[in-house]
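Participant: no sequence for this one, just the structure:
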């Protein structure tokens, strides 16, 4: 089960929202299970080097299936693996692995703030995927009041509040029905 571009972009945007909340400038990278870049964004004002660092942290987290800060940077084994892969992994705090249904599908990494803030933003981005998996679909904030039916008396109003999911398919959030005639129990 692969990580989709829509999911990766959602995670990047959530991580950036967390960075804005913390009032820091960040680069955020999401990579697939092979450590290859899938989605990326550098906030205005984030340092240029943070782009490379965020990708390196995410690649390391995906490669080892654990937070990049949990990797022993001075381990000869870790150093050998990083060297073999051309040095593109960075074992420094700021990235977390991403799992879908128990399967490692990638990682999200941040850079530009403190290591703890980078990781907090990455964790927020990863949590966005968990919310999507648990049915809290990424509803775009477009709701509508739709006149569905009016009874001959002119009093019935059916409404539907709706949104769209991550695939831009409409979903019903809530619906209601009203009739001024108290004898009427169904719409």
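Facilitator: Received it, and whenever you're ready, just let me know what you need. The structure presented is a predicted model; accordingly, all values stated were derived computationally and were not measured.
Participant: which residue is the nearest non-sequential neighbour of residue 47?
Facilitator: residue 112 (6.0 Å; C-beta to C-beta, 6 or more residues apart in numbering). C-beta here means a position set from N, CA and C on the backbone, and glycine is covered the same way.
Participant: ok, that neighbour - contacts?
Facilitator: 19, 24-27, 43, 46-47, 50, 53-54, 118 (C-beta atoms under 8 Å, 6 or more residues apart in numbering).
Participant: quick one: which of these is most hemmed in?
Facilitator: Comparing those on neighbour count, residue 54 comes out first with 33 neighbours (neighbours: other C-beta atoms under 10 Å).
Participant: was I right to think it contacts residue 119?
Facilitator: No: with contact defined as C-beta atoms under 8 Å, residue 54 does not reach residue 119; the gap is 11.5 Å.
Participant: common neighbours of those two, please.
Facilitator: 94-95, 110.
Participant: outline the domain layout of this structure.
Facilitator: 5-133, 138-187 (automatic domain parsing).
Participant: now the last one: mean pLDDT?
Facilitator: Mean pLDDT, domain 138-187: 47.
Participant: check stretch 121-131 too.
Facilitator: For stretch 121-131, mean pLDDT is 90.
Participant: buried ones in that stretch?
Facilitator: By 16 or more other C-beta atoms under 10 Å, the buried positions in stretch 121-131 come out as 121-129.
Participant: restricted to helices, list the residues you listed.
Facilitator: 121-129 (DSSP state H).
Participant: tell me which two of the residues you listed sit farthest apart.
Facilitator: 121 and 129 (14.1 Å; C-beta to C-beta).
Participant: what's across from the nearest residue to residue 32 once chain neighbours are set aside in the sheet?
Facilitator: With sequence-adjacent residues excluded and distances taken as C-beta to C-beta, 6+ apart, residue 32 is closest to residue 106, at 4.7 Å. Note on residue 106: beta-bridge partners residue 32, residue 98, judged by DSSP bridges.
Participant: so residue 38 touches residue 12, yeah?
Facilitator: No: applying C-beta under 8 Å, one finds residue 38 not in contact with residue 12, separated by 9.3 Å.
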